[in-house]
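K.L.:
here you go, sequence then predicted model.
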Amino acid sequence: MELFLLLVLFGLGLSIQMIYLIFIFGRLLTFSHRNRKETSPEKLESVTVAIAARNEKERLQTLIPELFKQDYKDFEVLIIDDRSTDGTHELLQDMLNIYPRLRTVTVDYTPDHVTSKKYALTLGIKVSSNDIILLTDADCVPVSKDWIRLMTEPVRERGKIYSIGYSGYEQKSGFLNSWIQFETLLTALYYLSFGLWKAPFMGVGRNLCYRKDHFMKVKAFKDIWHLEGGDDDLFVNKYANSRNAEVVIHPNSITLSQPKTNTKSYLVQKKRHLHIGKYYKFKDKRKIGMYTLSHALFWIGGIGLLIYSGINQNWEQFFVVYGIILIRTLLLSLLFKQAAKKVQGYGSFKLTWLHDFLYLGYFWILGAISHQAKTVKWN
């Protein structure tokens, strides 16, 4: 009976995992960039790059000059200063004299019934000069001068409302950074792959574009004002669909952020992200849930079979199960390497097999804690 149950768990988990790895995530690997004829630079629609920042003086000193290196004819950079106390206001006043296309909005307080970042973004977007809004964060830097052009292209040229891009983290030494690279790309595999299958369900505010007219029409963050987080993924989850959204996959369209450097701050960040996931539509929670459940079944069933076979000295069965686990691990490693090349131009993933195994505890333990959490905070 024990053997039968383990075989069922292992076989079911493996079957679903193969569907995801080959047919769903594999769609990203087969994606090819299409050469499309674009509007001439002189006729490109104006864009507002919007950034909500709180106590980000040092990062804004680096980011603002980088943004004005973009090769795009008509855009403004709008910094929404959310109650900063670190000298951000003075920095922005100085930079206004250097960059004519820089605009600022100062938020002095946040009403009790709304969360701070959503309120700051709403104020900023309301006063933006342009209908195309391209969002990023203060700790993000575009990797190329073509970022604005590439990220806004589906909205400008093909009538989409949402343009969903990839944002990674700078590679550094250490196990934590290696884990961050793995988890970030796995998350991207979810939303980019399903986006390619015309089933978009989330985006990241570090690299997201949409129209101001749409934002105002749906009354900004209506129904999610009270949630700390969700200004990006949950907003996209509510309104994006197969007709109005498109993912952007190009190494020059991405932004890179500074990764967390200690485990505690990283877990606080991920707790906020996972907490918001429980508010997704049921069909979209199922997209992630099917993968994570099958992942758990695969490892629990596989390890159980290895132990059972070893105890009963059934070495033929032991090596068959071990071989299947090894093949799936090699396939996953190849998938991550090629996906990284596709979205960011390079792929040098290490310890993928170990991160994949550790993801079992990470998702189910931290996910359960995040699901039960009543309060999470932005900056």
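P.N.:
Cool, the structure landed. What you are looking at is a predicted structure, and each value in this text was computed from that prediction instead of being measured.
K.L.:
so what's Leu92 closest to, chain neighbours aside?
P.N.:
Excluding its sequence neighbours, the residue lying closest to Leu92 (Cβ to Cβ, 6 or more residues apart in numbering) is Thr104, at 4.7 Å. Using the backbone N, CA and C atoms, a C-beta is placed for each residue, glycine as well.
K.L.:
surely Leu267 and Leu366 touch.
P.N.:
Yes: the pair Leu267 / Leu366 is scored as a contact, 6.8 Å apart, by Cβ atoms under 8 Å.
K.L.:
mind giving me the domain split of this protein?
P.N.:
Split into domains by automatic domain parsing, the chain comes to 2-28+284-372, 43-261.
K.L.:
Tyr196 and His113: what is the separation?
P.N.:
Small correction: residue 196 is Leu, not Tyr. Using Cβ to Cβ, to the nearest Å, Leu196 is found at 38 Å from His113.
K.L.:
I misspoke; the intended subject was Glu56.
P.N.:
Taking Cβ to Cβ, one finds Glu56 at 25 Å from His113.
K.L.:
more crowded one of those two?
P.N.:
Of the pair Glu56 and His113, Glu56 is the one with more neighbours under other Cβ atoms under 10 Å, namely 23 against 8.
K.L.:
quick one: contacts for the closest residue to that one other than its chain neighbours?
P.N.:
Once flanking residues are discounted, Glu56 sits nearest to Ala138: 3.7 Å by Cβ to Cβ, 6+ apart. Contacts for Ala138 were tallied using Cβ atoms under 8 Å, 6 or more residues apart in numbering; they are 51, 53, 56, 59-60, 63.
K.L.:
and if we set it to 10 Å?
P.N.:
51-60, 62-64, 79, 88, 257-258, 379 (Cβ atoms under 10 Å, 6 or more residues apart in numbering).
K.L.:
same question for His226.
P.N.:
If you count contacts by Cβ under 10 Å, 6+ apart, His226 has them with 113-115, 118.
K.L.:
which of the residues you listed sits closest to Ser242?
P.N.:
Nearest to Ser242 among those is Lys118, at 26.0 Å by Cβ to Cβ.
K.L.:
now that closest one, what's its secondary structure?
P.N.:
helix (DSSP: H, G, I helix; E, B strand; the rest coil).
K.L.:
what of the one 5 residues further on?
P.N.:
In terms of secondary structure, Leu123 is helix; the call rests on three-state DSSP.
K.L.:
tally of neighbours for it?
P.N.:
Leu123 has 17 nearby residues by other Cβ under 10 Å.
K.L.:
how near is it to Gly11?
P.N.:
Taking Cβ to Cβ, one finds Leu123 at 54 Å from Gly11.
K.L.:
equivalent analysis for Ile249, please.
P.N.:
33 Å.
K.L.:
who's in contact with the nearest residue to Val218 once chain neighbours are set aside?
P.N.:
Among residues not flanking Val218 along the chain, Tyr239 sits closest, at 6.0 Å (Cβ to Cβ, 6+ apart). Listed by Cβ under 10 Å, 6+ apart, the contact set of Tyr239 reads 161-162, 210, 214-215, 217-218, 245.
K.L.:
quick one, which of the residues you listed are buried?
P.N.:
When the contacts of Tyr239 are checked for burial by 16 or more other Cβ atoms under 10 Å, the buried set is 161-162, 210, 215, 245.
K.L.:
can you give me the distance of the nearest residue to Ile325 once chain neighbours are set aside to Phe319?
P.N.:
Spatial nearest neighbour of Ile325, excluding adjacent residues (Cβ to Cβ, 6+ apart): Gly302 at 5.2 Å. Distance of Gly302 to Phe319, computed by Cβ to Cβ: 13 Å.
K.L.:
also Asn207?
P.N.:
Using Cβ to Cβ, one obtains 45 Å as the distance from Asn207 to Phe319.
K.L.:
now Arg158
P.N.:
52 Å.
K.L.:
alright, calling it a day.
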